[in-house]
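> Here is the input, now give the coordinates:
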Amino acid sequence: MKILVLIFTVLFAITADADELDLKKFAKTYFNLMIATQAPGATKNDLDNYFALLTDDVGHSHLPWVTDDSRLPGGKEATRKGMTFYLGAHTEYSAELLNVFTFNNSAIAIRYRNSAKGIRPKSKEAIAYTQGMMEVLEI
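Numbering: from 1, shown residues only. Reported below is the predicted structural model:
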């Protein structure tokens, strides 16, 4: 009986570690596809690759402009429309992944630092920033 309990304990621990590794791998994939959408030469194909990871009812906030991250049936298309408008607006972009945190099998937090320069499409105003960011993904 003790051996059986030990086997189940080891199998459970291995399964739990595998799930966590999968979430961390997903987080890194998400990060790489997300930053590709911000690159100076980003294309609609880069957006398609990024959006392939998201559900149709994705909720997203982009403070201070979009404060409601509620899941809505057209969430993916609304986010795609906003990102398409700014596609290629950066003349310089870099990002560094700092941390990945997993919460059971239900969420991932990705902390990163990014820098960008570019021109706003509508106002033609120059932008430049360096900031720390955190994305939280509900799985």
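> From here on, just use CA atoms for contacts and neighbour counts.
Will do.
> Can you report how many residues lie near residue 47?
Per other Cα atoms under 10 Å, the neighbour tally for residue 47 reads 19.
> Not counting its neighbours along the chain, what's nearest residue 42?
Closest residue to residue 42 apart from its sequence neighbours, by Cα to Cα, 6 or more residues apart in numbering: residue 88 at 5.7 Å.
> mind checking the SS state of that neighbour?
Here residue 88 is recorded as coil under DSSP: H, G, I helix; E, B strand; the rest coil.
> and the gap between it and residue 48?
With distances taken as Cα to Cα, to the nearest Å, residue 88 is found 15 Å from residue 48.
> And these two? Which one has more around it.
Taking neighbours as other Cα under 10 Å, residue 88 and residue 48 compare with residue 88 leading, 21 against 13.
> Mind pulling the model confidence for that one?
Residue-level confidence at residue 88 comes out at 91, pLDDT.
> Isn't it up against residue 41?
Yes: assessed by Cα atoms under 8 Å, residue 88 is found in contact with residue 41 at 6.0 Å.
> For this structure, give me the ranges with low pLDDT.
Flagging of the chain using pLDDT under 70 yields the residue ranges 1-21, 60-66.
> just the helices in it please.
Here the chain has its helices, by DSSP state H, at 2-36, 44-51, 75-86.
> Show me what the second one packs onto, helices and strands only.
So the one you mean is helix 44-51. Packing contacts for helix 44-51, counted by 3 or more Cα pairs under 8 Å, 6 or more residues apart in numbering; DSSP states H and E, involve helix 2-36, helix 75-86.
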